[in-house]
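Student: Quick one, fold the following:
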Amino acid sequence: MSRLWRVAAVAALAGLLAACSLPGLRQTGPRQPGSPTPIADRTIDLDGLCARTEVDGFRERARLRVQANRVTELSWEMTIGRKGSCRFDLAGFRQTRAGPHLELQALDGSGCRLMVWQEPRRVTLAHTGCANRCVPRGIDDQAWPAMFDPRSGRCAQ
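Tutor: Here you go, the predicted model:
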């Protein structure tokens with residue numbers, strides 16, 4: 001996957017986090033130039049498996065199954081070159097949100113959140129506040145989102 005797609009996903013995640021950080025506030029009037037586009041409220045159905053290795057040594061294997069906005073299976077491992085790795089499993093999370101994006105909160109009280117949202121050409125699985133799921137700590141800021149093709153379930157191109 002090109003770095004451009006990953007940068008776009010990180011920008012979308014930033015917009016998502018900004019929208020989620022102020023509960024109850026709704027934007028009225030026209031959108032400000034340069035502000036993130038809101039994520040459309042779509043029903044997500046995905047049987048996804050994305051496994052790839054990039055030339056820089058980034059490897060990921062993400063298994064995500066979602067049925068009618070309910071996450072039923074999740075296993076996500078990534079290796080950031082020789083720098084470190086991160087791992088997420090559904091058993092360590094509970095789903096706390098089903099729209100317009102899906103959100104899973106870590107059961108350990110760490111504040112780690114996983115988010116899933118769908119755009120026309122991809123379904124994105126991203127994380128935030130998950131330093132304790134990565135070794136060494138601090139490598140999580142280099143752990144990019146996983147992106148799936150909504151039609152095939154494979155890695156988005």
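Student: mind checking how far the residue lying closest to Asp108 once chain neighbours are set aside is from Leu104?
Tutor: The spatial neighbour of Asp108 that comes closest, neighbours along the chain excluded (C-beta to C-beta, 6 or more residues apart in numbering), is Gly92 at 6.8 Å. C-betas here are computed from N, CA, C, even on glycine. Between Gly92 and Leu104 the computed distance is 9 Å (C-beta to C-beta, to the nearest Å).
Student: The two: which has the busier surroundings?
Tutor: Leu104 (22 against 17; other C-beta atoms under 10 Å).
Student: so that one is in which element?
Tutor: For Leu104, the host element (DSSP states H and E) is strand 102-106.
Student: Now do the strands in the protein.
Tutor: 46-53, 58-67, 70-80, 84-89, 93-98, 102-106, 113-119, 122-128, 134-135, 146-148 (DSSP state E).
Student: buried ones in the second one?
Tutor: Using 16 or more other C-beta atoms under 10 Å as the test for burial, strand 58-67 gives 58, 60-66.
Student: Cool, thanks, talk later.
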